[in-house]
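# Have a look at this prediction, sequence included:
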Amino acid sequence: YYTQGHEDIITYPRQTKSGMWFFHNSGVDITFKSECGDINCKPCDRKPSNDYFGGILIRSLLKQKGEVITGPQKCAWALFDKFDAFDGGCFHGFQKKDFPLIVEEKNIDIKVGDPIGRFISVDNVSKIQKRYGNGNNYDNFWKFQRDPYRYFRKDPAWTGLNKNVKLLPAIENIGL
């Protein structure tokens with residue numbers, strides 16, 4: 001989430017109402033209400049303002065038959081795959097019944113795990129400097145990269161999944 005005083009520079013800018021599907025290079029978000037004056041502003045040029053934007057990145061899915069889908073892009077593909085573009089009784093090639101819909105389930109016991117930091121694969125620090133510059137936005141990248149934003153559902157289906165990821169270099173090695 002990006003707002004003045006909480007400049008999470010990693011968040012993709014957007015102009016949306018809440019509850020929308022928002023596609024970006026990392027996958028798909030469910031949006032929060034977002035107001036952004038310049039959605040094309042480069043991360044290195046972004047300055048604190050009255051902008052606020054963000055959403056919930058879908059990182060994993062547990063299908064009703066127990067199949068687990070992990071990875072934000074795999075989740076986007078699973079949710080938005082195979083629409084009928086030739087059916088005349090549809091909305092811009094898509095039938096409403098084909099779209100994923102979030103439905104609240106009542107009286108179920110969901111245990112939520114402790115939040116963990118993001119896993120962002122980075123080959124070298126110079127790529128981060130190029131994208132975010134050398135000032136506050138660069139510092140904010142490192143600050144928000146390690147904050148515990150990721151929440152997950154504790155479920156037996158997640159047991160034994162391969163959790164190998166390439167982590168960023170140690171924070172203390174970059175001087176923050």
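Yep, it's here.

# after the helix or strand harbouring Lys74 comes which helix or strand?
Taking DSSP states H and E as the definition, Lys74 sits inside helix 72-79. Scanning forward in sequence from helix 72-79 by DSSP H and E, the next helix or strand is strand 111-112.

# Give me the mean pLDDT for that next one.
When pLDDT is averaged along strand 111-112, the result is 71.

# Neighbouring strands of it in the sheet, and parallel or not?
strand 153-154 (antiparallel) (DSSP bridges).

# still on that earlier bit, which parts of the helix holding Lys74 are buried?
Pro72, Cys75, Ala76 (16 or more other C-beta atoms under 10 Å). Bear in mind the C-beta positions are built from the backbone N, C-alpha and C, glycine included.

# Which strands or helices does it pack on?
Taking 3 or more C-beta pairs under 8 Å, 6 or more residues apart in numbering; DSSP states H and E as contact, the helices and strands that helix 72-79 lies on are strand 27-31, strand 60-62.

# Reformat the ones you listed as TSV; add distance to Val103.
Listed next are these as TSV, based on distance: least, C-beta to C-beta, whole Å:
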stretch	distance to Val103
strand 27-31	13
strand 60-62	14
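
# quick one: contacts of the helix holding Lys74?
The list of residues contacting helix 72-79 from outside it, by C-beta atoms under 8 Å, 6 or more residues apart in numbering, reads Phe23, Ser26, Gly27, Val28, Leu57, Ile58, Arg59, Ser60, Leu61, Ile69, Pro100.

# okay, those residues in a markdown table with pLDDT next?
As requested, these are exported to a markdown table (pLDDT from 0 to 100):
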| residue | pLDDT |
| --- | --- |
| Phe23 | 92 |
| Ser26 | 88 |
| Gly27 | 92 |
| Val28 | 92 |
| Leu57 | 90 |
| Ile58 | 90 |
| Arg59 | 86 |
| Ser60 | 85 |
| Leu61 | 84 |
| Ile69 | 86 |
| Pro100 | 77 |
